[in-house]
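Colleague: Next come a sequence and a model predicted from it.
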Amino acid sequence: MQSNSVTSVKPRFEILDGLRGVAAIIVVAFHIFEIYSPGPALQIINHGYLAVDFFFALSGFVLGYAYDDRWGRNMNLKQFVARRLIRLQPMVIAGATFGAMLYYFGLAHIDTTTVGTLLLVWLLSCLLIPTSSGLDIRGWGEGYSLDGPQWSLAFEYIANLLYALIIRRFPKWLLGLFVVAAAVLSVDLSCNLDIFGMLAGREAERYTMIGGWSLAPTQLYIGFTRLLYPFFAGLLVYRIGARIWAGAASFALCSVMIAAALLMPRVGIGAYGWTNGLYESLCVLVLFPLILMIGAGTATQGERTTRLCKWLGRISYPLYITHYPLIYLLFDWRYKHDALSAEVHIYNGVVIFILAILVACAVERLYDAPVRRRLVKGLIQS
């Protein structure tokens, strides 16, 4: 997920900023409920993971808006990479550092992990280099053991480079063909068609898009598939100028649409599992681009809505990248205190939810925004 450069003078799509924050808040709730879920099919907030696909779509749209008209005028590859690093990397480092601190001081796993190993994993995490199973210090099968959601930022960087090196040069018709080909991959993944033989074995009955967070071949296929369609469909939506005006209630309408998509219970299980795959395909291929068109087609109405959207946009990325270390903490506590009453567990879940938002607000205001301003002044404007 991303937003415009801090030096951009273009008007912002405030509704899209707000929707990014709405989706990030749902992600936090999704991960808290996941701790207490008896299984993926029974989780209360069942499709929260699709927020990643929505973030990719937003990122593709915003990238085109921010940079498409600047190449060859006041933008080259070096400047583009510098701006993307300034926008994304400070919070990557913050998320990795926060995760390392909570791992060392808050979780019991440190007794099986040397400080040297922890520092190595932290360094790799700061550089967005995924680790293999030998450095999976948590044992969850993640490529980023200190801050799991970093996997999507690694794919975001890949999309940025693909855009800068190749796809920015595509005319609209060629970009459209690329998006159609990516849509085939999305349907292959979500509906378990397995056209390319990448979902064989235990993945054969998945009927979902969830995944992409490790170096395993199947997970890499899932990650690239989840990236390519939404990201470049978002870019295509921007380039063709597709906008839908929905009146003064556009932000509320789009918020309800994205919340309904992410909160939807599992659609089908067993012999009807394919219906869940169809549902996720429709969300990613149709609903998310539609939400982009509505969000970009109408300006915010009223000062309160504008302020809310700006605030949600500011905290969205910090919230997404810093909340998961708190989820690790709650997960560890939950299994050490499973016998406590439901009221205690609910209370702690609410506390973690509120704490995640407070941490995001503090990190955005005290670290992310000032660091990026200084980097822009030192690296871009010097």
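Modeller: All right, it came through fine.
Colleague: Please make it C-alpha for all contacts and neighbour counts, starting now.
Modeller: OK.
Colleague: In terms of helices and strands, where is the residue nearest the centre of the chain?
Modeller: Nearest to the geometric centre of the chain sits V52, at 3.7 Å (C-alpha atoms, centre = their mean). Element membership of V52, judged by DSSP states H and E, is helix 51-67.
Colleague: shaky segments in the stretch 101-250 of the chain?
Modeller: Within the stretch 101-250 of the chain, the ranges that satisfy pLDDT under 70 run 107-111, 200-205.
Colleague: Which stretches in it count as helices?
Modeller: With DSSP state H, counting those that start in this stretch, the ranges of helices along the stretch 101-250 of the chain come out as 115-126, 150-165, 172-190, 217-240, 250-263.
Colleague: From I294, how far off is the closest residue to G273 other than its chain neighbours?
Modeller: Closest residue in space to G273, ignoring its immediate chain neighbours: Y207 at 6.1 Å, by C-alpha to C-alpha, 6 or more residues apart in numbering. For Y207, the distance to I294 equals 29 Å [C-alpha to C-alpha, to the nearest Å].
Colleague: Over to D332?
Modeller: For D332, the distance to I294 equals 41 Å [C-alpha to C-alpha].
Colleague: The two: who's more crowded?
Modeller: I294 (23 against 16; other C-alpha atoms under 10 Å).
Colleague: List the contacts of the more buried one.
Modeller: Contact analysis of I294 by C-alpha atoms under 8 Å, 6 or more residues apart in numbering lists R243, I244, W245, A246, S250, C254.
Colleague: Show me which pair in these is furthest apart.
Modeller: Within the contacts of I294, R243 and C254 form the most distant pair, 13.3 Å apart (C-alpha to C-alpha).
Colleague: the more surrounded of the two?
Modeller: Taking other C-alpha under 10 Å, R243 and C254 do not tie; C254 has more neighbours (24 against 17).
Colleague: contacting residues around the more buried one?
Modeller: L19, I291, I294, G295.
Colleague: now do 10 Å
Modeller: 15-16, 18-19, 22, 246, 260, 288, 290-295 (C-alpha atoms under 10 Å, 6 or more residues apart in numbering).
Colleague: and of these, the nearest to I195?
Modeller: Using C-alpha to C-alpha, these come closest to I195 at F288, 24.3 Å.
Colleague: these two touch, right, the closest one and A259?
Modeller: No - if you go by C-alpha atoms under 10 Å, F288 and A259 don't touch, sitting 11.5 Å apart.
Colleague: where do the contact lists of those two overlap?
Modeller: With C-alpha under 10 Å, 6+ apart, F288 and A259 have common neighbours A51.
Colleague: Of the two, which one has the most company?
Modeller: F288 (27 against 19).
Colleague: number of nearby residues for Y347?
Modeller: For Y347, the number of neighbouring residues by other C-alpha under 10 Å comes to 11.
Colleague: what about it, helix or strand, and which?
Modeller: Counting by DSSP H and E, Y347 is part of helix 342-363.
Colleague: now A339
Modeller: Per DSSP H and E, there is no helix or strand for A339.
Colleague: Next up, the contacts around it.
Modeller: Neighbouring residues of A339 by C-alpha under 10 Å, 6+ apart: H345.
Colleague: what about K172, distance to L118?
Modeller: Distance of K172 to L118, computed by C-alpha to C-alpha: 46 Å.
Colleague: Show me which of these two is the more surrounded one.
Modeller: Set K172 next to L118 and count neighbours by other C-alpha under 10 Å: L118 wins out with 20 against 14.
Colleague: which residues does that one contact?
Modeller: L118 neighbours (C-alpha under 10 Å, 6+ apart): A100, M101, Y103, Y104, I110, L124, L135, I137, S145, L146.
Colleague: what's the answer for S145, then?
Modeller: Residues near S145 by C-alpha under 10 Å, 6+ apart: 96, 99-100, 103, 118, 121-122, 125, 130-131, 135-139, 214, 325, 328.
Colleague: Swap in 7 Å and give it another go.
Modeller: D136, I137, R138 (C-alpha atoms under 7 Å, 6 or more residues apart in numbering).
Colleague: What count of nearby residues applies to the first one?
Modeller: Using other C-alpha under 10 Å as the criterion, D136 is surrounded by 18 other residues.
Colleague: What separation do you get for it and L215?
Modeller: Counting by C-alpha to C-alpha - D136 and L215 are separated by 11 Å.
Colleague: Quick check: phi and psi on the residue of the chain most remote from its centre?
Modeller: The centre of the chain is farthest from one residue, A339, which by C-alpha atoms, centre = their mean lies 33.5 Å away. Torsion angles at A339 (phi, psi; degrees, to the nearest 10) stand at phi -80, psi -10.
Colleague: quick one: T298 and W245 touch, right?
Modeller: Yes - in this structure T298 lies within contact range of W245 using C-alpha atoms under 7 Å: 5.3 Å.
Colleague: neighbour-wise, which of these two wins?
Modeller: T298 (20 against 13).
Colleague: Distance check, N46 against G106.
Modeller: In terms of C-alpha to C-alpha, N46 sits 28 Å off from G106.
Colleague: between the two, which one's more packed in?
Modeller: N46 (22 against 18).
Colleague: Mind checking what secondary structure the more buried one has?
Modeller: The local conformation at N46, judged by DSSP: H, G, I helix; E, B strand; the rest coil, is coil.
Colleague: so who does it touch?
Modeller: L262, L263, M264, P265, R266.
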